[in-house]
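Asks: Generate a structure from the sequence data that follows.
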Amino acid sequence: MTRQAHSPFVLTALLCAVAATHAQDASNTTTANTPPAASVALAPVMVKARSGDGYVVSQSQVNNFGQASLQDTPASINVLSRDLLDDRQPRGLSELARSDASLGDSYAPVGYYQNIAIRGFPLDLATGYRFNDLSITGEQRIAFENIQQVDILKGAAGIDAGVLAPGGVINYVGKRAANVQTTTLGTDSHGSRYGALDLGRWLSPTFGLRFNTAYEDTHAYVQHANGRRNFYAIAADWLISPKATLQLDADYQASAQRSVSGYQLLGGSVLPTHPSRSLMLGYQPWQQPVSIHASNITARFHYQFNDDWQARVDAGHSRSVIDDNVAFAYGCFYAPACASGSTPGYFFAPDGSYDVYDFRSPDDTRQNDELRAQLQGHLDTGTISHDLTVGADVLRRSINQRPYVYDYVGTAPSDQGEPPYFAPSPNQPGPSQQRQSTWQRALFAMDRVRLSPHWQVLAGGRFVQLDERDYDASGAPQRHIRLNHWLPQTALLWQPTSQLTGYLSYAQGLALGTQAPYWTANGGSFLPPLLSRQWETGLKYAVNDALQLDAAVFRIALPYQYAQPDNTSQGFTFVQRGQQVNSGIELQANGRVSDSLHVIASISMINARAQNTGTPSYEGHQVVNVPKLRSSVYADYRLPFATSWSLLGGWRYAAPNAATPSGRTRVPAYNLFDAGLRYRTRLNGHELSLRLSIDNVFNRFYWRDTGSSGGDSYLFPGAPRLARVSMSYEL
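Replies: I've put the predicted structure just below:
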């Protein structure tokens, strides 16, 4: 208890110490990913240096505020650099989220595609994830081998992506052409095998290619959950002329791994008494792996008319095909301990027993196609200057599914061990049908008005036309939504010096309503779209070129969606009533504190409340799966007496987390510590890097996620201690 109580103050002291530190000016370096000059007379030049800016990146690709640096952007954006990805060695979205305290898991099973929440709101799988700033299907396992940086836009509004959940956007930025030849081999403490190859070349002064591939044979910490994946990616850069450039990216990944069911509360109110991180709940020998085949393609054309005006046309295609197979541990409808009906059937039984279902949904196909054109330019009206952005965007998303098998096969006696063998269902999935078709058409505009050297006003918005159709398993129409909406966004910036920026912003967003859980009176029906409103104010201070400090205060409000207790035969009706208001403070330090020390640290304090819901027991406390406090610190310290060696380490903290809408059941807070080591040298004139990372050094048990899926709540244990070793060698 003492450690948990003082944890926030430790991070606060660290941030204050960072703010008071004046590091030396960062040396200007050119990385291996810097493209050659546009002039066709010059060959590309590649300069390598070790003393770069480390984890600091000054530009984000997700930015509809015009072409501006992060310092000039009135929004909270965190960029995770390639250096950080290399050192932390994440293999999935859940592991990536550890680097920012504003992020948390939101139904992220082992062996399945994962989702996260930003500022307490789960991301929309249809529009919350991007590759090169173009929408991709969230129902895929993202590979990091071809990623140069990850942009985390917090509290995104309608101008950024149209219809999306209010939490934000995750954008993966692809590596660009460069003269590079690097191979990486790795393993972990469970015996996994990993290999990757990164090859690039400027074939001429105007055309370059980059190829990434990886193979991974995963030995999971959960029994029977070993998996594998193959990944291939190619990127091309063509400098067509001094004014025109074309960038192409394509990747494909095939993965297969058994999905791990989550725990549920015993009787709907008690935490599992014998949770295990290694047990696969509901395991049956006939359970097949979940197979996911995913591809993403982007094409981006840029034309520079003159020094002031430029145009872009971008197109993207993303497709994922999921063969979903699981012996699913869920509820207790058939368990003797729930026979009286006093315990809800959609939770585990009070004695820990649970039902097992044969779930098979092959050829579950999700596809996103997007086309965007925009014009950006600068003009002066007297003493006032304008940076204008205008454009149009079209996004189509489709879902095709086969009628799935979801049949009860048996009841496991408890959650303490593997269940007995149950025969699988003899039923087979039906033929594929289109289940959803969505069109989003939009016009957007933004004007950055520079009133003086110290003051700027940004004003604009996005006009969205949404047309969404849902179909039942036979292909018959079920629901049709058509709406037009204007989503405004405005901000005021104050920059007394080039190092300090203060801002105040307001934005509106539009999110789709949730489908009611099957166990409610209106189960299966969709609720109307939701309008969100966000206020944010913040400060950004660049201590120097290599150290950035940020602070933000925000408030996000939207209608509260929940299963309201009532007198219906089911006992609940899924409604939109009252508001969910998430307000909070975010602090972040990112960069080089001294010549030897790099730090990325963040703290997120969120007050997430339901208001005016008509259900008093659901108000006055944190909503489900939103800890009131999270913090994350990661440091890279180069030893002054052995400069080839660096010590790596981190600390993660989360406050108690509500697991029920009433807030009566919460999972405990946790402190986790990570450690690592990096060694860099040159072997036969080629750079060699050895990395060791150890997550959860003290092997602490914790609940990392109390999220929900389809209206049902689940509990997922965090990973045990895991050590990864990798070697990268420049050929």
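
Asks: Tell me the helix or strand right after the helix or strand harbouring residue 650.
Replies: Element membership for residue 650 (DSSP states H and E) is strand 645-654. Using DSSP H and E, the next helix or strand after strand 645-654 towards the C-terminus is strand 657-658.

Asks: Partner strands of that next one, with direction?
Replies: Counting by DSSP bridges, the strands paired with strand 657-658 are strand 666-667 (antiparallel).

Asks: Which of the residues in the longest strand anywhere in the chain are classified as buried?
Replies: Scanning the chain for the strand with the most residues, using DSSP state E, yields strand 354-381. By 16 or more other C-beta atoms under 10 Å, the buried positions in strand 354-381 come out as 354-362, 364-372, 374-378. (Each C-beta comes from the backbone N, C-alpha and C, glycine too.)

Asks: on contacts alone, who are the packing partners of the helix or strand just after it?
Replies: Next in sequence after strand 354-381, counting helices and strands by DSSP H and E, comes strand 384-401. Packing partners of strand 384-401 (3 or more C-beta pairs under 8 Å, 6 or more residues apart in numbering; DSSP states H and E): strand 354-381, strand 433-450.

Asks: mind redoing it with 10 Å?
Replies: Helices and strands touching strand 384-401, as assessed by 3 or more C-beta pairs under 10 Å, 6 or more residues apart in numbering; DSSP states H and E, comprise strand 134-135, helix 158-161, strand 309-330, strand 354-381, strand 433-450, strand 455-471.

Asks: Ok, which of the ones you listed comes nearest residue 128?
Replies: For the helices and strands packed on strand 384-401, proximity to residue 128 was assessed by C-beta to C-beta; helix 158-161 is nearest, at 7.8 Å.

Asks: Let me know the next secondary structure element after that closest one.
Replies: By DSSP H and E, the next helix or strand past helix 158-161 is strand 168-174.

Asks: Quick check: neighbours of that following strand in the sheet, parallel or antiparallel?
Replies: Its sheet considered, strand 168-174 pairs with strand 129-131 (parallel), strand 147-154 (antiparallel) by DSSP bridges.

Asks: My understanding was that residue 517 contacts residue 563; is that so?
Replies: Yes - look at residue 517 against residue 563 with C-beta atoms under 10 Å: they come within range, at 6.4 Å.

Asks: the more surrounded of these two?
Replies: Set residue 517 next to residue 563 and count neighbours by other C-beta atoms under 10 Å: residue 563 wins out with 22 against 19.

Asks: Show me the beta-bridge partners of the more buried one.
Replies: When bridges are called by DSSP bridges, residue 563 pairs up with residue 574.

Asks: Which parts of the chain are helices?
Replies: With DSSP state H as the criterion, the chain has helices at 2-20, 82-88, 93-96, 158-161.

Asks: picking that back up, any buried residues in the strand holding residue 650, and which?
Replies: By neighbour count on 16+ other C-beta under 10 Å, the buried set for strand 645-654 is 646, 648-654.

Asks: name the helices or strands packed onto it?
Replies: If you count contacts as 3+ C-beta pairs under 10 Å, 6+ apart, strand 645-654 packs onto helix 2-20, helix 82-88, strand 597-611, strand 629-638, strand 670-683, strand 686-695, strand 703-705.

Asks: Select, out of these, the one closest to residue 150.
Replies: Closest to residue 150 of these, according to C-beta to C-beta: helix 82-88, at 7.4 Å.

Asks: Output the contacting helices and strands for the closest one.
Replies: Looks like helix 82-88 contacts helix 93-96, strand 147-154, strand 597-611, strand 629-638, strand 645-654, strand 670-683, strand 686-695, strand 722-730 (3+ C-beta pairs under 10 Å, 6+ apart).

Asks: can you redo the strands paired with strand 168-174 as a markdown table with mean neighbour count?
Replies: Shown next, in a markdown table, are those (neighbours: other C-beta atoms under 10 Å):
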| stretch | mean neighbour count |
| --- | --- |
| strand 129-131 | 25 |
| strand 147-154 | 23 |
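
Asks: residues in contact with residue 254?
Replies: Residues counted as contacts of residue 254 (C-beta atoms under 10 Å, 6 or more residues apart in numbering) are 228-232, 291-295, 321.

Asks: Can you check which residues contact both of residue 517 and residue 563?
Replies: With contacts taken as C-beta under 10 Å, 6+ apart, residue 517 and residue 563 have 523, 570, 572, 574, 711 as neighbours in common.

Asks: I'd guessed the fourth one sits against residue 560; true?
Replies: What that stands for is residue 574. No - in terms of C-beta under 10 Å, residue 574 does not count as a neighbour of residue 560; the distance is 11.3 Å.

Asks: any idea how far residue 493 lies from residue 551?
Replies: To residue 551, residue 493 is 15 Å away according to C-beta to C-beta, to the nearest Å.

Asks: So for these two, which sits in the more crowded spot?
Replies: The neighbour count for residue 493 versus residue 551, taken as other C-beta under 10 Å, is higher for residue 493 (24 against 19).

Asks: could you list every residue that touches the more buried one?
Replies: 65, 68, 71-74, 448, 450-451, 454-458, 501-505, 540.

Asks: Drop anything exposed from those.
Replies: Judged by 16+ other C-beta under 10 Å, buried ones among the contacts of residue 493: 65, 68, 71-74, 448, 450, 456, 458, 501-503, 505, 540.
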